[in-house]
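Student: Sequence first, then the predicted structure:
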Number of protein chains: 2
Amino acid sequence: MTTLVEIGQQAQAAATELALLKTTDKNAALQTMATELIAEEAAILAANELDLTVAETNGVRPAMLDRLKLDHERLVGMANGLQQVMQLPDPIGQAISGWQTENGLQIENVRVPLGVIGMIYEARPNVTVDAAGLTLKSGNAVILRGGKEAIKTNLALAGALQTGLRKAGLTANAVQLIADTSHETAQQLMQLTDYVDVLIPRGSSKFINFVVHNATVPVIETGAGNCHIYVDQNADLSMAREIIINAKTQRPSVCNAMEKLVVHEKVAAEFLPMIATALAPYHVELRGDAAACAILPEIVPATAEDWGTEYDDYIMAIKVVPDLNAAITHINRYNTHHSEAIITKDYAASQEFQRRINAAVVYTNASTRFTDGFEFGFGAEIGISTQKLHARGPMGLTALTSNQYHVYGNGQIRQ
Amino acid sequence: MTTLVEIGQQAQAAATELALLKTTDKNAALQTMATELIAEEAAILAANELDLTVAETNGVRPAMLDRLKLDHERLVGMANGLQQVMQLPDPIGQAISGWQTENGLQIENVRVPLGVIGMIYEARPNVTVDAAGLTLKSGNAVILRGGKEAIKTNLALAGALQTGLRKAGLTANAVQLIADTSHETAQQLMQLTDYVDVLIPRGSSKFINFVVHNATVPVIETGAGNCHIYVDQNADLSMAREIIINAKTQRPSVCNAMEKLVVHEKVAAEFLPMIATALAPYHVELRGDAAACAILPEIVPATAEDWGTEYDDYIMAIKVVPDLNAAITHINRYNTHHSEAIITKDYAASQEFQRRINAAVVYTNASTRFTDGFEFGFGAEIGISTQKLHARGPMGLTALTSNQYHVYGNGQIRQ
């Protein structure tokens, strides 16, 4: 079996080739990879069937099974995703800036690939294909370490992608999947500083937190979303209701879904019954602080743990606050720095909220559900960064790049 | 004594204030900090004298003593440095990009501070003042952890800076120095993920490596520089000689100084005696591979360890290569991703070197000594990043910033 160090060395060697590829060569490979996914549909779906059987036997919960399951339509969706990446502008070689110094040196700051990207993720096999496409287009090699639930599916997918790479004349080491899903290989990948330039974990906040605390390879934190919507005393309450219905119920399992309602005490008595009625058809369980429970006696009292919890489910906790400052303080204390919104007609309240909230994306009068690479117009997304270093918010292709200074002289020496 | 968690909490609270400051307020504080450094000169120099006495007693080597030593001129230099930072454009609030989505959301991507920056450094007390000025101007709070050799000096400097902050009406917690220089506080700071957004280590490559492998807070690697100059077969050999004299001898102890000469075998017999003669007056010790030693029998044979070593001294190792590809392979294997140069008259060789070398800054026909924030025109520098994530190369004020998306809507919900 190939050791992790060997995988790292192969990835690094592949990265030096990929960095020099022309856009047309990368796009040709994306096309053969897409074609190969469809060509190997039978084998991929059979492998997926085996994973599903094991998962069912192990009592994996239905939501997880649904994420794991592939069918013809989903596979076509993955292949289409690769073709969409072909349409995106190639970030490599873009000039970020350039100038001439007084002594005549010409300095150019140019976008280059990061090199080798490690993806560690849980059950969703679509990450295998998405990550392969985005890393290839940005000139990077990728090492994939998916979860054990999806291992047969991931091996089949990665096999098809590697065949596609070979048919396009590229090295198959551009996309490598770690076949051994033991805890040890994940740990080793997190420590592979000699070969891996950045690690992008995808999964639950607990999982991402584990990676952050165990990796020596630089990590981009993604995804955990304990998102709040604050309904100000000067909010348009009908607008607030529509936005909350959308943010809470349109797709509650995703990271940009709303988890917490913070409401100004002056409008709580009017708004809370409104929103409880509006959410009732969606069977959203409401939990509240003492003030919220006083207004809605039928709801569950929230515990201290609730405020920091990302439910990813039809549950919403409600906090009543005396003013904007208390709302901001509460949100900055408990949020995961993902997406937060204020609903208000008040200009000053909007500005203060926008400036003081510590999150990747801050909204006035819109649903938190828009925090997404496609919605932002990036055409694709490798994840949503909730940290401040390197990239923050939805990450498109440029988040997978670094920069390099090229300096052209004619004999300059430093005085 | 204040615990490290308390320092972290104070820094985080300070950071939320600093993020909202106007440029004029930050500049006013930089001025009072500069004034206070000069006002407290007697106390600062007395503290420095105590550090020097201890260092001398402990047998610290002269080069280190020189870095540690302050005098009137150096203190004025530090104060002037703060005033220079006043002149730099404030990066906070700069719009990086902005657009409107099809459904009418206005998205603005704006530069914001990173938050809390941890600086871990060795003997040089000027880092205390430089880091305080740059982090304040970029709206960040800083936690400083200097080396034990400079602790009395650093305490005196930080005390003056805090007095300056207070006199300008700002929180003194914007700049905090950890008084306890034990190993434990450094370790704790590296793990303070709840409060510190990024760690910037400054010092030897061994020290920086230690931080990278022990920190869970994200690190920006700086400074290690095993820099090469490759003299191509089509080089202007006189130009090569002048550039190498400059890169090797102008200031050999710094990270952008040249450490290794790589030379094409076709010009080695002519060039190596030329460069040996040119470097002789500077007493540069030459070490060489077998081919170099055959041409210059008087020099020391290089060991395997030499190729990866940053001497920071009047030592240079020489490698003779058969072609450009061998030069690039050798450099990419042993370099620290800092600065590398090719000397050539050949267009294709320059282009290939520029594109294939894995380093922050790649030069054609110029000295590696230009890798520097001031030389690049950034007006200041917090360090030189040798990693690919977040920032690469000389880091000015914008390297101390993150971004935040502000999204303005009027009731948009996701379909």
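Tutor: Here it is on my side, so go on. For clarity, every value in this text was computed on a predicted model and none was experimentally measured.

Student: Spatially nearest residue to A:Pro322, not counting backbone neighbours?
Tutor: Nearest residue to A:Pro322, sequence neighbours excluded (CB to CB, 6 or more residues apart in numbering or on different chains): A:Glu265, at 5.5 Å. C-betas here are computed from N, CA, C, even on glycine.

Student: Tell me which residues touch that neighbour, please.
Tutor: With contacts defined as CB atoms under 8 Å, 6 or more residues apart in numbering or on different chains, A:Glu265 is in contact with A:291, A:320-322.

Student: Make a markdown table from the residues you listed and add neighbour count, pLDDT and distance to A:Gln191 to it.
Tutor: What follows is these, written out as a markdown table (neighbours: other CB atoms under 10 Å in any protein chain shown; pLDDT from 0 to 100; distance: CB to CB, whole Å):
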| residue | neighbour count | pLDDT | distance to A:Gln191 |
| --- | --- | --- | --- |
| A:Ala291 | 18 | 98 | 48 |
| A:Val320 | 25 | 98 | 46 |
| A:Val321 | 22 | 98 | 44 |
| A:Pro322 | 11 | 98 | 48 |
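
Student: How about the top strand by length along chain A and chain B, touching?
Tutor: In chain A, taking DSSP state E as the definition, the longest strand is strand A:401-412. Yes - under the criterion of CB under 8 Å from any CB of the partner chain, chain B is reached by strand A:401-412 at A:402-412.

Student: Flag every buried residue along that strand.
Tutor: Counting neighbours by 16 or more other CB atoms under 10 Å in any protein chain shown, one finds that the buried residues in strand A:401-412 are A:401-409, A:411-412.

Student: Read off the pLDDT value for the residue nearest to A:Pro322.
Tutor: pLDDT recorded at A:Glu265 is 98.

Student: cool, and A:Arg61?
Tutor: Here the pLDDT value assigned to A:Arg61 is 83.

Student: Could you report the distance from the residue of the stretch 1-150 of chain A found nearest chain B to A:Asn214?
Tutor: Across the stretch 1-150 of chain A, the shortest distance to chain B (CB to the nearest CB) belongs to A:Leu114, at 5.2 Å. Distance from A:Leu114 to A:Asn214, counting by CB to CB, to the nearest Å: 21 Å.

Student: Those two - which one has more neighbours?
Tutor: Taking A:Leu114 and A:Asn214 together and counting by other CB atoms under 10 Å in any protein chain shown, A:Leu114 has the greater number of neighbours (24 against 13).

Student: Please look at the more buried one and A:Ile200 and confirm they touch.
Tutor: No - the pair A:Leu114 / A:Ile200 is not scored as a contact, 10.1 Å apart, by CB atoms under 8 Å.

Student: On the pLDDT front, check the residue of the stretch 251-400 of chain A found nearest chain B for me.
Tutor: The shortest separation between the stretch 251-400 of chain A and chain B is 2.9 Å, found at A:Ala366 (distances taken as CB to the nearest CB). For A:Ala366, the pLDDT comes out at 98.

Student: Could you find the closest non-adjacent residue to it?
Tutor: Of all residues beyond its chain neighbours, the one nearest A:Ala366 is B:Gly409 (2.9 Å), with distances taken as CB to CB, 6+ apart.

Student: pretty sure the one you found is touching A:Thr364, no?
Tutor: Yes - with contact taken as CB under 8 Å, B:Gly409 and A:Thr364 are classed as touching, separated by 6.5 Å.

Student: what's around the residue lying closest to A:Ala302 once chain neighbours are set aside, how many residues?
Tutor: Setting aside the residues directly before and after it, A:Ala302 is nearest to A:Arg287 in space (CB to CB, 6+ apart), at 4.1 Å. Using other CB under 10 Å, the number of residues around A:Arg287 comes to 21.

Student: Repeat that for A:Ser238.
Tutor: Close neighbours of A:Ser238, defined as other CB under 10 Å, add up to 11.

Student: same deal with A:Thr3?
Tutor: 11.

Student: And the pLDDT at A:Ser385?
Tutor: According to the prediction, A:Ser385 has pLDDT 94.

Student: Contact partners for it?
Tutor: When contacts are counted by CB under 8 Å, 6+ apart, A:Ser385 touches A:220-222, A:360, A:391-393, A:395, A:399.

Student: Tabulate those residues in CSV, adding columns for pLDDT, secondary structure and neighbour count.
Tutor: Output for these, formatted as CSV (pLDDT from 0 to 100; DSSP: H, G, I helix; E, B strand; the rest coil; neighbours: other CB atoms under 10 Å in any protein chain shown):
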residue, pLDDT, secondary structure, neighbour count
A:Ile220, 91, coil, 27
A:Glu221, 88, coil, 23
A:Thr222, 86, strand, 26
A:Ala360, 97, coil, 25
A:Ala391, 94, coil, 26
A:Arg392, 96, coil, 23
A:Gly393, 96, strand, 27
A:Met395, 95, strand, 23
A:Ala399, 95, helix, 24
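
Student: tell me which of those residues is nearest to B:Gly93?
Tutor: Nearest to B:Gly93, judged by CB to CB, of the contacts of A:Ser385 is A:Arg392 at 15.5 Å.

Student: so the closest one sits right up against B:His390, yeah?
Tutor: No - A:Arg392 lies out of contact with B:His390 (CB under 8 Å); the separation is 10.5 Å.

Student: from the contacts of A:Ser385, which are also near chain B?
Tutor: Checked against chain B using CB under 8 Å from any CB, the contacts of A:Ser385 give the following subset in range: A:220, A:360, A:392-393.

Student: Tell me how chain A divides into domains.
Tutor: By the assignment in automatic domain parsing, chain A contains the domains A:4-221+A:387-408, A:227-370.

Student: what about the first one, start to end distance?
Tutor: It refers to domain A:4-221+A:387-408. When the termini of domain A:4-221+A:387-408 are compared using CA to CA, to the nearest Å, they are 39 Å apart.

Student: Counting neighbours, what do you get for the closest residue to A:Asp130 other than its chain neighbours?
Tutor: The spatially closest residue to A:Asp130, leaving aside those adjacent along the chain, is A:Gly81, at 6.0 Å (CB to CB, 6+ apart). A:Gly81 is flanked by 18 other residues according to other CB under 10 Å.

Student: what helix or strand is A:Gly81 on?
Tutor: Assigned by DSSP states H and E, A:Gly81 belongs to helix A:72-87.

Student: Backbone dihedrals for the residue nearest to A:Ala302, please?
Tutor: Per-residue torsions, A:Arg287: phi -130, psi 150 (degrees, to the nearest 10).

Student: Now do the helices for chain A: every range, in order, please.
Tutor: For chain A, applying DSSP state H gives helices covering A:4-18, A:23-39, A:41-57, A:62-68, A:72-87, A:126-137, A:151-167, A:183-190, A:205-214, A:237-249, A:265-279, A:290-295, A:324-334, A:347-356.

Student: which helices and strands sit right next to the second one?
Tutor: It refers to helix A:23-39. Where contact means 3 or more CB pairs under 8 Å, 6 or more residues apart in numbering or on different chains; DSSP states H and E, helix A:23-39 is packed against helix A:72-87, helix A:126-137, helix A:151-167.

Student: For it, what is the distance to the chain centroid?
Tutor: On the basis of CA atoms, centre = their mean, to the nearest Å, helix A:23-39 is displaced by 24 Å from the centre of the chain it belongs to.

Student: Convert that helix to PDB, retaining C-alpha atoms only.
Tutor: The C-alpha coordinates for helix A:23-39 follow below in PDB (Å, rounded to 0.1, in the frame of the first residue of the first chain):
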ATOM      1  CA  THR A  23      -6.100  26.700 -19.200                       C
ATOM      2  CA  THR A  24      -7.100  24.600 -22.300                       C
ATOM      3  CA  ASP A  25      -5.200  21.600 -21.000                       C
ATOM      4  CA  LYS A  26      -7.000  21.800 -17.600                       C
ATOM      5  CA  ASN A  27     -10.400  22.300 -19.200                       C
ATOM      6  CA  ALA A  28      -9.700  19.300 -21.500                       C
ATOM      7  CA  ALA A  29      -9.000  17.200 -18.400                       C
ATOM      8  CA  LEU A  30     -12.200  18.400 -16.700                       C
ATOM      9  CA  GLN A  31     -14.100  17.300 -19.700                       C
ATOM     10  CA  THR A  32     -12.600  13.800 -19.800                       C
ATOM     11  CA  MET A  33     -13.100  13.500 -16.000                       C
ATOM     12  CA  ALA A  34     -16.800  14.400 -16.500                       C
ATOM     13  CA  THR A  35     -17.200  11.900 -19.400                       C
ATOM     14  CA  GLU A  36     -15.500   9.200 -17.300                       C
ATOM     15  CA  LEU A  37     -17.900   9.700 -14.400                       C
ATOM     16  CA  ILE A  38     -20.800   9.000 -16.700                       C
ATOM     17  CA  ALA A  39     -19.000   6.100 -18.500                       C
END
